[in-house]
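**Q** sharing a model prediction with you, sequence too.
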Amino acid sequence: PSASFDIAIRSCLAGERPAGELGYTCERCPENSYSDGLGEADCTSCPPLIGDCASGVLRLREGFFLVEDEQSWLSENGTRLQRRFLDASAEVHPCWNPEACVLDLEARTTRCAEGYAGPLCGVCDQAANFAKQGVNTCVACPSFAVNLTVVLVIALVLLGALVWVTVFRKVDPKERTPTVMRIGLSFVQSLGALGIYKARGTETFRAVFGFAEAAGASLFAASPVACFFELDYFERFATMMLLPLIAAGFAVLIKAASVALTSRQWAPLREYFRERKFMSVFVLILYIAYPMLTAQAFSMLDCLPESVDGVYYLKADLAVACYSSAHWAGVGAAGVALALFGVGIPAAVVRLLFRNRARLTEPGFIAQYGFLFQGYDVERGMFWWEGTMLARKAMIVMLGSTIRDPYYAIVLATLVSVAGLVAHVHYRPYREAVFNYLETLTLSAITATQVLSILFLRSEQVESSETQRLVADAAVTGALLLVNLVTLLRV
């Protein structure tokens, strides 16, 4: 008798590959590889970062940017695939803003969300009327009327500040408030400087203390201002470098006009220029602008540590290709700015005070330059200490901008903060114990913030469960908020 059988042979399913001598059986793909079940002869290595190949099936994660590669769309016989081929050689980067990258699961590609463009979807689409708001967010430009209103309000506020600083500001050597405000401002500026590091705390902490980064930010970080002027990065850089000098010039003219209108005679005005009394206003404006000037200058040197499709881009603006002719010209300008402002301002402050150390108790000199040494123990010769504070903040910005390895950068910055704390505790430069206590508190808070940020960065690099990550995030966020909020409230 004869027997008949129906035999159905299926191809290997997703997550499997052919096995056996003749390939008639299937086996699970090895760890960290996958197959789509489309008749592949073998499993494919899992793409980095974006790929999760558990059970041999490729699942793509959100928040990553896939560099386009035409070769990945071609099959072995040269025909174009409907789904992009991804393996371990795929070039993948974290998106500059996770919300900016849109993942196409079917085609296995990423595209930029509305308003975003360029490498890592990190460029705001100016052609679509979008502009940067803050560090890495693109927003639709408001109407022209809104932009103009914001620009005029900022201009009036700056003008009012110049009038107050040059005409109405009074210095009382016995007043404590200016010294406390300077300590508090220094603390906020130091917190803001940490924003350029990869180890800068949790997202929640950065959201709460995002105002601190504004201390060194460009005016163009406000989207209405960026939308109104529509300048490229190099034009914005030049504007921010020249703005303090322009403001200082306006301040000198405002003071001259005040002297002329008050006296209604030429003699006091001639004395104002002959004795160079305008220099105190000039120094004050540059002193206030110092964190912004150094942050902007170092931003020209701060390129992404990894290339994107063979090109390195500037962190401050991903539309700028590093090491291009335009960028090298910008680096030269930044070098000049750092020599004039980054090194020049602290050196000029120390030199000015040393040359006039015999006049530090004169009411006239205090009225002009008291903002540089008020609160410090002049009798012990600690009037120059503010120069070291400026240099410390500039060094922290420099380390974050020029050292590519995130661990080396933040560890060295932490050592700078520890050195500043030790030096402060040793010299106790203020004349009153309360000022020394507040400065010790702020420096300790900055150091603790850096250490906690290092620990959190490390926890992100270690494989852990979702629950463990959430617990670590909550714990570090709580500690960071506690340390810094208590410090702010005490100051």
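**A** Right, received. Where do you want to start?

**Q** helices of the stretch 51-200 of the chain, start to end?
**A** With DSSP state H, counting those that start in this stretch as the criterion, the stretch 51-200 of the chain has helices at 144-163, 177-193.

**Q** other SSEs contacting the last one?
**A** Spelled out, it's helix 177-193. Helices and strands touching helix 177-193, by 3 or more C-beta pairs under 8 Å, 6 or more residues apart in numbering; DSSP states H and E, are helix 210-213, helix 278-299, helix 385-402, helix 433-461, helix 466-490. C-beta: built from backbone N, CA, C; applies to glycine.

**Q** next one: the first one
**A** Secondary-structure packing of helix 144-163 (3+ C-beta pairs under 8 Å, 6+ apart): helix 223-229, helix 233-263.

**Q** residues contacting the first one, please?
**A** Around helix 223-229, the neighbours that count as contacts under C-beta atoms under 8 Å, 6 or more residues apart in numbering are 129, 131-133, 139, 141-142, 144, 146-151, 154, 219-220, 236.

**Q** just the buried ones from those residues, in PyMOL syntax?
**A** Buried subset of the contacts of helix 223-229, written as a PyMOL selection, criterion 16 or more other C-beta atoms under 10 Å:
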select buried, resi 131+132+133+139+141+142+147+150+151+219+220+236
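
**Q** backbone phi and psi for T44, please?
**A** phi -110, psi 140 (degrees, to the nearest 10).

**Q** I'd like the distance between it and G37.
**A** When distance is defined by C-beta to C-beta, to the nearest Å, T44 is 12 Å away from G37.

**Q** just send the helices and strands packed on helix 144-163 back as TSV, with distance to E271 too.
**A** Below are these laid out as TSV (distance: least, C-beta to C-beta, whole Å):
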stretch	distance to E271
helix 223-229	39
helix 233-263	9
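
**Q** nearest to F64, of those?
**A** For these, the distance to F64 is smallest for helix 233-263, at 25.1 Å, taking C-beta to C-beta.

**Q** so that closest one versus helix 278-299, what angle?
**A** When axes from the mean of the first three to the mean of the last three C-alpha atoms, to 10 degrees is applied, the directions of helix 233-263 and helix 278-299 differ by 170 degrees.

**Q** next, the buried residues of helix 233-263.
**A** 233-234, 236-237, 239-241, 243-245, 247-248, 250-252, 254-256, 258-259.

**Q** ok, now stretch 473-488?
**A** Neighbour-count burial for stretch 473-488 flags 473, 476-477, 479-481, 483-484, 487-488 (criterion: 16+ other C-beta under 10 Å).

**Q** same check on stretch 418-425?
**A** Buried residues in stretch 418-425, defined by neighbour count with 16+ other C-beta under 10 Å: 418, 420-421, 424.

**Q** of those residues, which belong to strands?
**A** Per DSSP state E, strands hold no members of the buried residues of stretch 418-425.

**Q** tabulate the helices and strands packed on helix 177-193 in TSV, adding columns for distance to G342 and mean pLDDT.
**A** Rendered in TSV, the data for these read as follows (distance: least, C-beta to C-beta, whole Å; pLDDT from 0 to 100):
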stretch	distance to G342	mean pLDDT
helix 210-213	19	65
helix 278-299	5	85
helix 385-402	5	87
helix 433-461	20	89
helix 466-490	26	83
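
**Q** relative to S89, which of the ones you listed is closest?
**A** Nearest to S89, of all the helices and strands packed on helix 177-193, is helix 433-461, at 22.7 Å by C-beta to C-beta.

**Q** sort out which residues of the closest one are buried, please.
**A** 435-436, 438-439, 441-454, 456-457, 459.

**Q** please apply the same query to stretch 312-325.
**A** Neighbour counts over stretch 312-325 (16+ other C-beta under 10 Å) mark 312-322 as buried.

**Q** list the contacts for S186?
**A** Counted by C-beta under 8 Å, 6+ apart, S186 has contacts 389, 393, 442.

**Q** V349: which of these is nearest?
**A** Top of the list for closeness to V349, among those and by C-beta to C-beta, is M389 at 9.9 Å.

**Q** show me what contacts the closest one?
**A** Contact criterion C-beta under 8 Å, 6+ apart gives 186, 420 as the residues in contact with M389.
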